[in-house]
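Colleague: Next come a sequence and a model predicted from it.
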Amino acid sequence: MSCGKIYDIKKAYKKKAKEHHPDKNINDPDAGEKFQEMAAAYEILNDTNSREVYDRYGIDGLTKGGGGGGMDDNDMFAQFMAQSFGFGFGPERRPKGNDTTVPYEVTLEDLYNGKTVKMNLEKEAVCGTCQGSGARGNSKPKPCSTCDGKGWTTFTAATANRDRMQVGRGQCRDCKGAGERLKEKEKCKKCKGEKIVTEKNRQEIHVERGMPDRYRIVLHGAGDQRPGAPPGDVTFLLKTQKHESFERIGDDLVTHVTITLSEALLGFDRILLTHLDGRGIKVTSPPGKIIKPHDTIILRGEGMPIHKRPDEKGDLHVILDLEMPSNDWLKTIDRRVLESLLPPKKKVLEPLPDIVDEVPYEESDIGELRSSFLDGGLDGQFGDDDSDWEDEDGEDIEQPECRPQ
Ligand SMILES: [Zn+2]
Ligand SMILES: [Zn+2]
């Protein structure tokens with residue numbers, strides 16, 4: 001920018017300032033505001049290197065009274081401020097209606113089998129009575145007198161180092177940024193001038209097979225409406241309920257099956273479990289194999305359907321829990337016969353310790369011991385390293401997304 005240009009700005013400003021000075025515009029109630037707005041804009045312009053707006057539109061571009069470049073004055077001001085200072089302000093325009101997120105609880109069965117749900121939702125809809133004008137009959141809203149129809153008002157604020165003032169802009173309080181207002185009796189009866197009404201509508205959502213936990217089903221355009229803007233979206237956020245027998249880990253499932261001592265020793269050939277779709281799952285254990293407590297087997301292709309590829313499935317991991325026979329059963333048994341069938345008992349300890357004390361047999365609850373120990377805060381004595389480790393790291397590690405909570 002040349003010296004000539006700067007001189008031009010000064011000259012143009014002085015001319016405009018004279019023109020808009022409130023003393024010379026006694027009949028214009030907004031003259032004072034216009035003058036201040038222009039003065040503040042000039043101050044900024046004069047102080048910065050961003051004079052593009054002046055170069056392009058002249059001083060008129062800085063005042064709402066001018067008609068520079070055929071642009072809408074409001075846009076011009078907003079553009080000037082935005083270009084010069086990167087302020088994100090201007091007439092407030094919502095790109096579309098509000099988006100709505102609805103948490104939706106699903107069972108593991110729903111996610112395994114798929115499900116279509118119909119539900120009633122409330123949303124904001126453009127008022128049908130006034131077609132979104134907010135006005136009754138042929139009433140027309142009048143420009144808001146507070147902001148002169150702009151929807152915003154200016155304010156000045158000191159810069160950070162307080163050496164000068166900057167012009168800012170805020171939404172008009174009286175018309176909430178609309179730039180126009182209706183008298184009470186001119187307002188639409190149905191929406192009371194709000195242009196929108198709350199409406200119930202029925203939505204159908206499709207829970208697809210294999211959708212992960214926290215999956216978002218988005219219904220585009222099903223959300224809130226606003227006059228002159230595209231409607232918002234409704235998002236259903238899936239939350240999987242805890243299942244009483246299956247745990248989902250990604251596309252795999254984990255479950256527990258209890259087998260008897262006989263099955264552990266002699267094998268099984270039976271329906272082990274009922275699956276999420278009601279099918280019985282029959283498994284035959286290999287002959288000659290003893291099953292130890294908590295042995296795990298994998299049933300290939302019996303996990304969750306893979307989302308978008310429902311013909312493919314993950315695996316089902318079955319943890320085999322061992323159920324020992326009851327005392328009542330033992331009463332019916334010839335113990336000598338049983339002993340002769342079972343492997344031998346443990347031998348007496350050798351070499352025998354010098355001192356052997358006889359201590360009474362009493363059942364205990366080790367879990368209770370641990371929990372009362374932790375509650376009492378007597379850390380360290382039993383050196384419970386595992387729980388210490390979990391406490392430290394547990395907060396940072398997020399739960400895997402697909403794991404039921
Ligand atoms: Zn209405
Ligand atoms: Zn207003």
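Modeller: The structure has been received and is ready for your questions. Numbers count the residues shown, from 1 in each chain. Ligands and ions are numbered 1, 2, ... in the order given.
Colleague: what's the span of stretch 258-276 from first residue to last?
Modeller: Taking CA to CA, to the nearest Å, the first and last residues of stretch 258-276 lie 18 Å apart.
Colleague: Average pLDDT for it, rounded please.
Modeller: Mean pLDDT, stretch 258-276: 97.
Colleague: and if you look at stretch 125-133?
Modeller: For stretch 125-133, mean pLDDT rounds to 90.
Colleague: neighbouring contacts of that stretch?
Modeller: Here stretch 125-133 makes contact (CB atoms under 8 Å, 6 or more residues apart in numbering) with 134, 136, 141, 188-191, 194-199, 201, 224-228. From N, CA and C alone the C-beta is placed, and that goes for glycine too.
Colleague: near ligand 1, which residues of the protein show up?
Modeller: Taking CB under 5 Å from the ion as the contact definition, the chain meets ligand 1 at 127, 129-130, 188, 190-191.
Colleague: Any chance of a PyMOL selection covering the buried ones in these?
Modeller: Per 16 or more other CB atoms under 10 Å, the buried members of those correspond to this PyMOL selection:
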select buried, resi 127+130+188+191
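Colleague: taking the residues of the chain next to ligand 1 one by one, which sit in helices?
Modeller: Among those, no member falls in helices (DSSP state H).
Colleague: Show me where this protein dips below the pLDDT cut-off.
Modeller: Applying pLDDT under 70 to the chain flags residues 1-95, 159-162, 375-405.
Colleague: Which stretches in it count as helices?
Modeller: Remark: helices assigned in the chain by DSSP H are 3-20, 31-47, 52-57, 73-85, 108-113, 261-266, 327-331, 335-341, 366-375, 385-394.
Colleague: Report the buried residues of stretch 183-201.
Modeller: 186-188, 191, 193, 195-197.
Colleague: now swap in stretch 108-122 and tell me
Modeller: Buried residues in stretch 108-122, counted by 16+ other CB under 10 Å: 108-112, 115, 121.
Colleague: re earlier: between the residues of the chain next to ligand 1, which is nearest Lys96?
Modeller: Relative to Lys96, the closest of the residues of the chain next to ligand 1 is Cys127; by CB to CB it sits at 17.6 Å.
Colleague: Relative to Ala229, how far out is that closest one?
Modeller: Remark: distance between Cys127 and Ala229 (CB to CB, to the nearest Å) = 14 Å.
Colleague: Show the contacting residues for the nearest residue in space to Pro141 that is not next to it in sequence.
Modeller: Using CB to CB, 6 or more residues apart in numbering and skipping the chain neighbours, the partner closest in space to Pro141 is Glu180 (3.9 Å). Contact analysis of Glu180 by CB under 8 Å, 6+ apart lists 141-144, 149.
Colleague: do the same with Cys191
Modeller: Residues near Cys191 by CB under 8 Å, 6+ apart: 127, 129-130, 134, 197.
Colleague: export the residues you listed to a markdown table and tack on distance to Leu266?
Modeller: Listed next are those as a markdown table, based on distance: CB to CB, whole Å:
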| residue | distance to Leu266 |
| --- | --- |
| Cys127 | 75 |
| Thr129 | 78 |
| Cys130 | 80 |
| Gly134 | 81 |
| Val197 | 71 |
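Colleague: can you name the two of those that are farthest apart?
Modeller: Greatest spatial distance among the contacts of Cys191 (CB to CB): Gly134 and Val197, at 10.8 Å.
Colleague: Could you measure from the residue lying closest to Thr240 once chain neighbours are set aside over to Ile249?
Modeller: Distances taken as CB to CB, 6+ apart place Asp213 nearest to Thr240, at 4.3 Å, with adjacent residues excluded. As judged by CB to CB, Asp213 and Ile249 stand 11 Å apart.
Colleague: who's more crowded, the two?
Modeller: Taking other CB atoms under 10 Å, Asp213 and Ile249 do not tie; Asp213 has more neighbours (20 against 16).
Colleague: Show me what from the chain comes close to ligand 2.
Modeller: So far as CB under 5 Å from the ion goes, the chain lies against ligand 2 at 144, 146-147, 172, 174-175.
Colleague: Now do stretch 225-241: distance from first to last residue.
Modeller: Using CA to CA, the span of stretch 225-241 from its first residue to its last is 32 Å.
Colleague: same deal with stretch 294-313?
Modeller: Terminal residues of stretch 294-313 lie 24 Å apart, using CA to CA.
Colleague: what residues does it touch?
Modeller: The contact list for stretch 294-313 (CB under 8 Å, 6+ apart) reads 111-112, 114, 208-212, 215, 248, 250-253, 275, 281, 283, 314-322.
Colleague: could you redo the last one with a cut-off of 7 Å?
Modeller: Residues from elsewhere that reach stretch 294-313 (CB atoms under 7 Å, 6 or more residues apart in numbering): 111-112, 208-212, 248, 251-253, 275, 281, 314-321.
Colleague: in that stretch, what counts as buried?
Modeller: Across stretch 294-313, burial judged by 16+ other CB under 10 Å covers 295, 299, 302-305, 313.
Colleague: quick one: which of those residues is nearest Leu342?
Modeller: Nearest to Leu342 among the buried residues of stretch 294-313, counting by CB to CB, is Asp295 at 19.8 Å.
Colleague: Out of the buried residues of stretch 183-201, which is nearest to ligand 2?
Modeller: Gly193 (14.1 Å; CB to the ion).
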